[in-house]
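Trainee: need coordinates for the following:
(2 chains)
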Amino acid sequence: MMLRGIYAIVVLDMKRFWLDRARLVAGLAQPLLYLFVLGAGIGSSMGGNMAGGSYKPFIFPGVLGLSQLFTATFAAITIVFDRQIGFFKAVLVSPVPRPAIALGKIVAGALQAYLQGLVVLPFAWLAGVPLSPGSVLALLGAMALASVTFSALGVAVAARFTSTTVFPIVSNAVLLPMFFLSGALYPLRGAPQWMQIAAHFDPVAYAVDLMRGALLGQFFFNPWLAFGVLTGIIALLTWLSVRVFNRGEDDSSLGATNFNWRR
Amino acid sequence: MLARVTDAAPAFQPASAAAAAAVEVSALVKRYGEVEALRGIDLTVATGERFALLGPNGAGKTTLFSILATLRAPTSGSARVLGHDVVGERDAVRREMGIVFQEPAIEQRLSGRDNLLMMGLLYGLPTAAARRRADEILGELGLAEAAGRPAKNLSGGQRRKLELARALVTDPKILFLDEATLGLDVDARRGFWTHVRGLAASGRTVFFTTHYMEEAEVADRIALIDAGRIVALDTPRALKARLGGGVIRLQTEDDTLARTWLAERGWAADAGKAELMLVHADPAAVLPELLRHLPVKVRRAEVHEPSLDDVFLKLTGRGFDGENAPAPSGGGWAGGGRNKGGRP
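Mentor: Here you go, the predicted model:
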């Protein structure tokens, strides 16, 4: 029942995502803006000062990560919406185990983030990223890990919210600092020491670094460390999400507190 | 005054005394902090029975309903559905029941077919089987031509039928309906109940709450619930027979004075909202005499057969629609009903 439950939740979310497939294209605006406007502006003012090449290829993995991060978070917001629409009550009275709902949400969010990443990927060529079959393959792997991390992060946070007005504010307050500290837009190696230390506590930093390493061969973290940390973070966040969804007593609330079942 | 009719034969007779109960609730208590929503509920619903739960808003209907539907856990006491404990064997209950909520529980943007397909998947059916089952049910409920449209484009009646279809995807042995027809017009409600009656006829247990009295008449037995307790549980006919006669409703210029005068003469008058309710074995015969002698000017007098609403008023001193307000009993349908589409 667990696997079938996860499958059902994933199918549900992907069906709904498919209704909004225009979002895949609209979701290009933000990364392209960063890449070709911010990237071009900052890149030209820095001249050729970047270690190992020009600025646009450098920030491409960061921008890729950004689009995945926001897609995954948006997917996670559906949890908060689901609590407000009745449909989820039908899910709650079905025999789907609560952990399957959390896991299904994480898988569905990761799939959507990955799809969005695939849509952004062709622009690597326009940004002047040197591509080889090997590096693209490694990037596709790193993207998968990043997608799952971001999705688990989104679900773990969204699972605790019942208000669609509060969650976006909170997520922005969490997402933007994580993005800025991740070294997506600048090399961490040259950053002030406190930022380098902070980056060690930022899952986005590991994910972006892994993708950049896969594409450009430049690593800030040891790739094995990044891989290990991301796997650990995924496990931890998944466990946290499952725990929230699995809270006993008043099951109708799907774990979140202060949720009124009737409304 | 309250004639207890104990010898009324129940309209519903379980096939055998040994037949497993579909719902068994004993000493059920639910507390939300200080508030005691259920104060010890005992009831048994037989397999195949149509059972209605009636009461005003805040009486505990929804709480009892959500406990049976495994959405809330009781504070104490026990509840079993189809022999399974609603807490300990939650999944077994979930697998075997179908439920229609008061609020819509379909994904409005997906088509009817996709909604039902999703339900099938959630209940563990393989995709092909879920798809087959969805089409089957859509056909049965006369929704086949609407199957491909997004649910939000369906009419209110069709959407409610889709809710019923959703509850039926896994062929449940027991069906819970929580004010399932709220806000529908009379025709759509009749259409909905025609299907439900068919389902009950095929041996399914139907446990429902409603605000429409004529829907409650469909039930084999009715439990009246008030302030977290069951105040009466019987067949609709026996409940009405409890009043011991017909009902006289009076609107007078001075209800208090009229009431005192009536009380001196042995009439127990229950005060509704701006009217008095009297019960007599032959109300039409005594009304002229009563009007002649009553020292208060009567604005309006009405005689009618007892309705469930009258029974409730008699038992609790209140109507279904809130404090001291018996619902106006208006043509055709006996008794109350909140405003159409009205929300608490």
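
Trainee: what does stretch A:220-227 contact?
Mentor: A:145, A:183, A:187-189, A:199, A:205-207, A:209-210, A:213, A:219, A:229 (C-beta atoms under 8 Å, 6 or more residues apart in numbering or on different chains). Heads up, the C-betas are built off the backbone N, CA and C, glycines and all.

Trainee: from these, pick the one nearest chain B.
Mentor: Set against chain B, the nearest of these by C-beta to the nearest C-beta is residue A:145 (27.8 Å).

Trainee: which helix or which strand is home to that closest one?
Mentor: helix A:133-158 (DSSP states H and E).

Trainee: what packs against that helix?
Mentor: Applying 3 or more C-beta pairs under 8 Å, 6 or more residues apart in numbering or on different chains; DSSP states H and E, we find helix A:133-158 packed against helix A:55-84, helix A:98-120, helix A:166-181, helix A:203-216, helix A:223-245.

Trainee: if we can go back for a sec, may I ask which of the contacts of stretch A:220-227 has the most neighbours?
Mentor: Neighbour counts for these (other C-beta atoms under 10 Å in any protein chain shown) peak at residue A:207, which has 32 neighbours.

Trainee: which bits of the stretch 101-250 of chain B sit near chain A?
Mentor: Within the stretch 101-250 of chain B, the positions adjacent to chain A are B:101-110, B:114, B:118-119, B:121-124, B:166 by C-beta under 8 Å from any C-beta of the partner chain.

Trainee: just the buried residues from those, in PyMOL please.
Mentor: For the buried members of these, the matching PyMOL selection, counting by 16 or more other C-beta atoms under 10 Å in any protein chain shown, is:
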select buried, chain B and resi 101+102+103+104+105+106+107+109+110+114+118+119+121+122+123+124+166
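
Trainee: any idea of the pLDDT on residue A:101?
Mentor: Per-residue confidence at residue A:101 stands at 90 (pLDDT).

Trainee: what do you get for residue A:169?
Mentor: pLDDT at residue A:169 comes out at 82.

Trainee: any idea how far it is from residue A:66?
Mentor: Going from residue A:169 to residue A:66 by C-beta to C-beta, to the nearest Å gives 19 Å.

Trainee: okay, now the unreliable bits of chain A?
Mentor: For chain A, the stretches with pLDDT under 70 are A:47-53, A:247-263.

Trainee: same thing but at 80, please
Mentor: Applying pLDDT under 80 to chain A flags residues A:1, A:44-53, A:82-87, A:161-168, A:170-172, A:245-263.

Trainee: picking up where we left off before, show me what counts as buried in the helix holding residue A:145.
Mentor: For helix A:133-158, the neighbour count (16+ other C-beta under 10 Å) marks A:135, A:138-139, A:142-143, A:145-158 as buried.

Trainee: same deal with stretch B:91-98?
Mentor: B:92, B:93, B:94, B:95, B:96, B:97, B:98.

Trainee: confirm for me that the fifth one is in contact with residue B:86.
Mentor: Just to be clear, that refers to residue B:96. No: Residue B:96 is beyond contact range of residue B:86, at 11.6 Å (criterion: C-beta atoms under 8 Å).

Trainee: which of the helices or strands spans the nearest residue to residue B:81 once chain neighbours are set aside?
Mentor: Nearest residue to residue B:81 in three dimensions, chain neighbours excluded: residue B:93, at 4.7 Å (C-beta to C-beta, 6 or more residues apart in numbering or on different chains). Using DSSP H and E, residue B:93 sits in helix B:90-96.

Trainee: what's that helix in contact with?
Mentor: Counting by C-beta under 8 Å, 6+ apart, A:1, A:93-95, A:97, A:251, B:70, B:81-82, B:84-86, B:123, B:170, B:172-174 sit against helix B:90-96.

Trainee: next step: the residues you listed restricted to strands.
Mentor: B:81, B:84, B:85, B:174 (DSSP state E).

Trainee: need these in a markdown table (columns: pLDDT and neighbour count).
Mentor: Listed next are these as a markdown table, based on pLDDT from 0 to 100; neighbours: other C-beta atoms under 10 Å in any protein chain shown:
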| residue | pLDDT | neighbour count |
| --- | --- | --- |
| B:81 | 95 | 29 |
| B:84 | 94 | 19 |
| B:85 | 94 | 15 |
| B:174 | 94 | 23 |
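
Trainee: dump these into JSON lines; add distance to residue B:264 as well.
Mentor: JSON lines is the format used below for the ones in strands among the contacts of helix B:90-96 (distance: C-beta to C-beta, whole Å):
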{"residue": "B:81", "distance to residue B:264": "51"}
{"residue": "B:84", "distance to residue B:264": "56"}
{"residue": "B:85", "distance to residue B:264": "55"}
{"residue": "B:174", "distance to residue B:264": "52"}
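
Trainee: what residues does the stretch 1-150 of chain A put near chain B?
Mentor: Residues of the stretch 1-150 of chain A lying near chain B by C-beta under 8 Å from any C-beta: A:1, A:4-5, A:7-8, A:11-12, A:15-16, A:19, A:85-97.

Trainee: emit the PyMOL select command for whichever of those are buried.
Mentor: Here is the PyMOL command that picks out the buried ones among the residues of the stretch 1-150 of chain A next to chain B, judged by 16+ other C-beta under 10 Å:
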select buried, chain A and resi 1+4+5+7+8+11+12+15+16+85+86+87+88+89+90+91+92+93+94+95+96+97
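
Trainee: mind checking which of the residues of the stretch 1-150 of chain A next to chain B are in helices?
Mentor: If you go by DSSP state H, the residues of the stretch 1-150 of chain A next to chain B have A:4-5, A:7-8, A:11-12, A:15-16, A:19, A:87-92 in helices.

Trainee: how much space separates residue B:33 from residue B:75?
Mentor: 11 Å.

Trainee: which of the two has more neighbours?
Mentor: The neighbour comparison of residue B:33 against residue B:75 (other C-beta under 10 Å) goes to residue B:75, with 15 against 5.

Trainee: thought that one was touching residue B:35?
Mentor: No: taking contacts as C-beta under 8 Å, residue B:75 lies outside contact range of residue B:35: 10.9 Å.

Trainee: so between residue A:169 and residue A:66, which is more surrounded?
Mentor: A direct count of neighbours by other C-beta under 10 Å for residue A:169 and residue A:66 places residue A:66 higher, at 25 against 10.

Trainee: who's in contact with that one?
Mentor: So residue A:66 contacts A:30, A:31, A:34, A:179, A:184 (C-beta under 8 Å, 6+ apart).

Trainee: does the first one sit in a helix or strand, and which one?
Mentor: Mapping residue A:30 onto the secondary structure by DSSP H and E places it in helix A:29-32.

Trainee: give me the distance from that helix to the chain's centre.
Mentor: Distance of helix A:29-32 from the chain centroid (C-alpha atoms, centre = their mean, to the nearest Å) equals 15 Å.

Trainee: following that helix, which helix or strand comes up?
Mentor: helix A:39-46.

Trainee: now do the buried residues in that following helix.
Mentor: Neighbour counts over helix A:39-46 (16+ other C-beta under 10 Å) mark A:39, A:43 as buried.
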